[in-house]
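# what follows is a protein structure lacking sequence information:
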């Protein structure tokens with residue numbers, strides 16, 4: 001059994017156990033996927049794995065977001081904890097965003113995989129903007145603005161690359 005098969009079996013076990021509240025078992029799987037998961041050529045097995053990986057990131061994001069929302073803001077110690085949970089939730093969202101962004105930019109990746117990743121980036125960006133705009137601290141407004149700027153720049157560069165690729169394909 002190769003590293004990808006082992007990882008897929010472990011994440012499959014996590015789903016089968018229906019212990020979706022056990023983020024402590026999920027986090028190591030999400031943080032250490034095998035390199036083979038990301039292509040560049042994608043099999044059905046890898047496709048399922050990438051979808052599970054993204055779902056895992058979103059489940060962890062949701063878990064920490066709810067922890068932050070359920071903290072009692074009247075207590076100073078929990079306020080710090082709430083802020084920490086907000087940060088962790090956002091970090092998992094940005095982790096997924098950055099990994100999919102890297103795959104979508106990899107010229108060795110299959111075009112269908114690049115397109116799939118780019119579409120998910122749009123969804124992750126909207127989710128991240130919703131999250132940052134719901135936060136009360138001023139730093140989140142600044143983070144929201146940075147996210148918008150960087151996402152717009154990234155998407156513009158993707159379209160330039162698409163245009164260049166189309167022009168090269170037409171020449172051949």
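Yep, it's here. These numbers come from a predicted model, not from an experiment.

# worst-scoring helix or strand of the chain, pLDDT-wise?
helix 138-171 (a mean of 77; mean pLDDT, DSSP states H and E).

# in three-state terms, label residue 40 for me.
Following DSSP: H, G, I helix; E, B strand; the rest coil, residue 40 is assigned to coil.

# state the distance from it to residue 137.
From residue 40 over to residue 137 the distance is 40 Å, taken as CB to CB, to the nearest Å. (Each C-beta comes from the backbone N, C-alpha and C, glycine too.)

# same question, residue 34
On the measure of CB to CB, residue 34 and residue 137 end up 37 Å apart.

# got the buried residues for the strand or helix carrying residue 84?
Per DSSP states H and E, residue 84 falls inside helix 76-105. Across helix 76-105, burial judged by 16 or more other CB atoms under 10 Å covers 78, 82, 85-86, 88-90, 92-94, 96-97, 99-101, 103-104.

# other SSEs contacting that helix?
helix 44-70, helix 111-134, helix 138-171 (3 or more CB pairs under 8 Å, 6 or more residues apart in numbering; DSSP states H and E).

# can you redo those helices as CSV with distance to residue 3?
Below are these laid out as CSV (distance: least, CB to CB, whole Å):
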stretch, distance to residue 3
helix 44-70, 11
helix 111-134, 19
helix 138-171, 30
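
# appreciated, that's everything.
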